[in-house]
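>>> With the sequence up front, the predicted model follows.
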Amino acid sequence: MKFYISILMVFLFSFPAYGQSSSEAVAASTNVSNKETGRGNLRLIDISMDALFAVGSSTEDDETLQTLQGGGHDPRKRGFTVQNIELSLAGAVDPYLTGEAHIIYFLDPLTGETVVELEEAFMTTTALPSGLQIEAGHFFTEFGRINPRHPHAWHWQDQPVINTRLFGPDGMRGPGLRLGWLLPVSWFSELHFGAQNANGETMASFLANEEFFDERAVGNRPFVDRGVGSLKDLAYLLRLDNSFDPSENTTAKVGLSGLYGPNATGEDGDTLIYGADLVVKWRPAESERGWPFLIWETEVMKRVYKAAAYFDDSDPADVIDLSEETLKDWGFYTQLLYGFKPGWATGLRYEYATGSGESVGGRDSDPFRDDRSRVSPLVTWMPTEFSRLRAQYNYDRADHLSDGEAHSVWLGVEFMYGAHAAHSF
């Protein structure tokens, strides 16, 4: 509690000697609150909170739901789930930089333990020439559509299966730097280049860490601790975004993404992930509060995980001898959301994930590499831009399930307050 109170008291004093400086004038024109306090100028950071809760049930028990609903902020328990409570702070640092931080809180669905995580904390430049922009700090990797989004920005209540497999339960994020370049062409086109640390629990397909491998080892391979010896031990991103308007009422956005870096199976282990995404949005010129609308969104991605050979005879009764193996996993989701009257929307999502190359113990029994499909109809009601209720049904087919299929129903409620961007469809 003291931690949150201290954050709410964040402020910056400036004491001009001969009147307001040009930097203060620029800061005052931003959306950061400013208040005169004697000779000083108090600048408050925009603060908001967004809360996601779910209640529901499944034909699978709570233990199985931890892998069936593998996203860290998915509904993952019969009964109630505290999915995600996000505290956000954002503001102008000076005329050249903005900063933001997102701290999340949730309850472990099995133990009820309180978990607090630093989701993001980064600065972004605002005044570089030639369409350039730098983002530095701790942030989500800008791969595809879903991974860079916070859970409250998802249309469905759980993250797609293929995202969970490739990027782990909490999405791929880490400390690093991203360079963006707005290309000098007649349509919107932006090229992103990023470099981030490849280790940690949020780097599932790369160096990860031992704790993550204890729970979700890729291919059930042993963990090999690797340090950073040079720039080749980082994870690298390349992404191209293009946006255009096929018609007066329609906007389309196409993206291509690629990732490359070392993995945690040994010195010869590396990972390549690539994918493509498309979103098409339709909204008539004459609308009421943004309704009606139609959004079609789809994303496909593939991981090529080169697992290094591994040999361990430290225990003569349990000698481990694994040859080099290339594990390939790919999948997609496609979803259609239709806002048919103000505040109301309905949608349908289909997902599929599969792979090749054997996991230790067999791919069919590996809940994060077996063949899976899911169909999820959804109904959403938004009384205002700052609250949302959702009802979602999941029909899963998965090789690792004892019956081969599962049925789940989830009801979700969300509310937000403070200086936070409203939901945008």
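Arrived safely.
>>> how about low-confidence regions in the chain?
Within the chain, the stretches with pLDDT under 70 are 1-44, 420-425.
>>> how far away is the most centrally placed residue in it from Glu299?
Nearest to the mean C-alpha position of the chain, by CA atoms, centre = their mean, lies Asn147 at 3.3 Å. Going from Asn147 to Glu299 by CB to CB, to the nearest Å gives 9 Å. From N, CA and C alone the C-beta is placed, and that goes for glycine too.
>>> Same question for Thr141.
Thr141 is 14 Å from Glu299, by CB to CB.
>>> Could you do His407 as well?
Going from His407 to Glu299 by CB to CB gives 25 Å.
>>> With neighbour numbers in mind, choose between these two.
A direct count of neighbours by other CB atoms under 10 Å for His407 and Glu299 places Glu299 higher, at 24 against 12.
>>> Please, which helix or strand holds the more buried one?
In the assignment (DSSP states H and E), Glu299 maps to strand 293-307.
>>> Mind telling me what element Pro383 is part of?
Element membership for Pro383, per DSSP H and E: strand 372-384.
>>> other SSEs contacting that strand?
Under the contact criterion of 3 or more CB pairs under 8 Å, 6 or more residues apart in numbering; DSSP states H and E, strand 372-384 touches strand 325-341, strand 344-356, strand 387-398.
>>> Just put those in JSON lines and tack on mean neighbour count.
Below are these laid out as JSON lines (neighbours: other CB atoms under 10 Å):
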{"stretch": "strand 325-341", "mean neighbour count": "18"}
{"stretch": "strand 344-356", "mean neighbour count": "18"}
{"stretch": "strand 387-398", "mean neighbour count": "18"}
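>>> Nearest to Val116, out of those?
Checking the helices and strands packed on strand 372-384 against Val116 by CB to CB gives strand 387-398 as the closest, at 23.9 Å.
>>> now the angle between strand 344-356 and that closest one, please.
Counting by axes from the mean of the first three to the mean of the last three CA atoms, to 10 degrees, strand 387-398 lies at 30 degrees to strand 344-356.
>>> which residues in the stretch 151-300 of the chain form helices?
Counting by DSSP state H, counting those that start in this stretch, residue ranges of the helices within the stretch 151-300 of the chain are 161-167, 210-216.
>>> Is it possible to get TSV of those helices that adds mean neighbour count?
Converted to TSV, the helices of the stretch 151-300 of the chain look like this (neighbours: other CB under 10 Å):
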stretch	mean neighbour count
helix 161-167	26
helix 210-216	15
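>>> I'd like the ones you listed written out as a markdown table, with distance to Gly72 added.
Below are these laid out as a markdown table (distance: least, CB to CB, whole Å):
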| stretch | distance to Gly72 |
| --- | --- |
| helix 161-167 | 9 |
| helix 210-216 | 11 |
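>>> Of those, which is nearest Ala252?
Among those, helix 161-167 comes nearest to Ala252, with 21.7 Å by CB to CB.
>>> Just the CA coordinates for the closest one, please, in CSV.
C-alpha atoms of helix 161-167 as CSV (Å, rounded to 0.1, in the frame of the first residue of the first chain):
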residue,chain,number,x,y,z
VAL,A,161,-3.1,-20.1,-28.0
ILE,A,162,-0.3,-19.5,-30.5
ASN,A,163,0.8,-16.4,-28.7
THR,A,164,0.9,-18.2,-25.4
ARG,A,165,3.1,-20.9,-27.0
LEU,A,166,5.6,-18.6,-28.6
PHE,A,167,5.7,-15.7,-26.1
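>>> Output the contacting helices and strands for it.
By 3+ CB pairs under 8 Å, 6+ apart, helix 161-167 packs against strand 293-307, strand 325-341, strand 344-356.
>>> Quick check: neighbours of the first one in the sheet, parallel or antiparallel?
Under the criterion DSSP bridges, strand 293-307 sits next to strand 270-282 (antiparallel), strand 325-341 (antiparallel) in its sheet.
>>> One more: the last one?
Take DSSP bridges as the rule and strand 344-356 pairs in its sheet with strand 325-341 (antiparallel), strand 372-384 (antiparallel).
>>> could those go into JSON lines alongside distance to Gly269?
JSON lines is the format used below for the strands paired with strand 344-356 (distance: least, CB to CB, whole Å):
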{"stretch": "strand 325-341", "distance to Gly269": "10"}
{"stretch": "strand 372-384", "distance to Gly269": "25"}
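>>> Can you give me the neighbour number for Gly227?
7.
>>> among the helices and strands packed on strand 372-384, which is nearest Leu259?
Closest approach to Leu259 among these (CB to CB): strand 325-341, 13.4 Å.
>>> Need the CA coordinates for that closest one. CSV is fine.
What follows is strand 325-341, C-alpha atoms only, in CSV (Å, rounded to 0.1, in the frame of the first residue of the first chain):
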residue,chain,number,x,y,z
GLU,A,325,16.6,-31.2,-32.7
THR,A,326,14.7,-28.5,-34.7
LEU,A,327,11.3,-27.9,-33.2
LYS,A,328,8.9,-26.0,-35.4
ASP,A,329,5.6,-24.6,-34.1
TRP,A,330,3.1,-22.5,-36.0
GLY,A,331,-0.5,-21.3,-35.7
PHE,A,332,-3.0,-18.6,-36.3
TYR,A,333,-6.1,-16.9,-35.1
THR,A,334,-8.8,-15.1,-37.0
GLN,A,335,-11.6,-13.1,-35.4
LEU,A,336,-14.5,-11.0,-36.5
LEU,A,337,-16.2,-8.5,-34.2
TYR,A,338,-19.4,-6.7,-35.2
GLY,A,339,-20.8,-3.7,-33.3
PHE,A,340,-24.5,-3.9,-34.2
LYS,A,341,-25.9,-1.1,-31.9
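>>> Now that Leu118 has come up, it's in contact with His138, right?
Yes - using CB atoms under 8 Å, Leu118 is in contact with His138, at 6.3 Å.
>>> So between the two, which is more surrounded?
For Leu118 versus His138, the count of surrounding residues by other CB under 10 Å is larger for His138: 19 against 11.
>>> State the distance from the more buried one to Thr164.
His138 is 21 Å from Thr164, where distance means CB to CB.
>>> closest one to Trp282 among the strands paired with strand 344-356?
The nearest among those, by CB to CB, is strand 325-341 at 9.6 Å.
>>> quick revisit: give the contact list for the residue nearest to the centre of the chain.
Residues in contact with Asn147 (CB atoms under 8 Å, 6 or more residues apart in numbering) are 140-141, 163, 167, 171-172.
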